[in-house]
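# below are the sequence and a predicted model for it; my questions follow.
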Amino acid sequence: MIIYLLSAVIVLLCYELFRRYFPIKGITCKNRIGEKDIVILDLRDYNEKGTLKNVAMQIPYAYLRRHYSEIPDQSLHVVANDRMDINLGVRFLLRKGYSVSSFEIIGCACKGGIIDGV
């Protein structure tokens, strides 16, 4: 009985670590893109705005579950402070059926889809 319980705890822990820290394949890191058919979604906190221009929507990750229905059904470029917010936010959006084409981490240089310094 204890072995089954311990196994379940280990599986849940591995799943949570995977969800938070394992990168998402197929979505590239790009610095600000100027395409008109892409919506820029900022997942940073409300008090951290002001460094990006042309942000179409700002919904912090903590409020994403409540307000995801306000996001238009277009291709998304997601902006966040760190890799964990990108992973959690993009996985949530993909589960809800949104198309995420790229992401950007503030303060981290993207070089051809590869994140430098993360």
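Received the coordinates, thanks.
# from here on, contacts and neighbour counts on C-alpha atoms
Noted.
# check contacts around the residue most central in space within the chain.
When the chain is reduced to its mean C-alpha position, the closest residue under CA atoms, centre = their mean turns out to be residue 86, at 2.5 Å. Contacts for residue 86 (CA atoms under 8 Å, 6 or more residues apart in numbering) come out as 78-80, 103, 105.
# thought residue 23 was touching residue 87?
Yes - using CA atoms under 8 Å, residue 23 is in contact with residue 87, at 6.4 Å.
# where does the chain have low pLDDT?
Within the chain, the stretches with pLDDT under 70 are 32-35, 49-53, 111-118.
# all strands of it, in order?
Using DSSP state E, the strands of the chain run over residues 28-29, 38-42, 57-58, 75-80, 99-105, 109-111, 114-116.
# now for the longest one, which elements pack on it?
When you say that, I think you mean strand 99-105. Under the contact definition 3 or more CA pairs under 8 Å, 6 or more residues apart in numbering; DSSP states H and E, strand 99-105 sits against strand 28-29, strand 75-80, helix 83-95.
# could I get these as TSV with distance to residue 38?
Formatted as TSV, the helices and strands packed on strand 99-105 follow (distance: least, CA to CA, whole Å):
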stretch	distance to residue 38
strand 28-29	14
strand 75-80	5
helix 83-95	15
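# residue 79 reaches residue 48, doesn't it?
No - assessed by CA under 8 Å, residue 79 is found out of contact with residue 48, at 11.7 Å.
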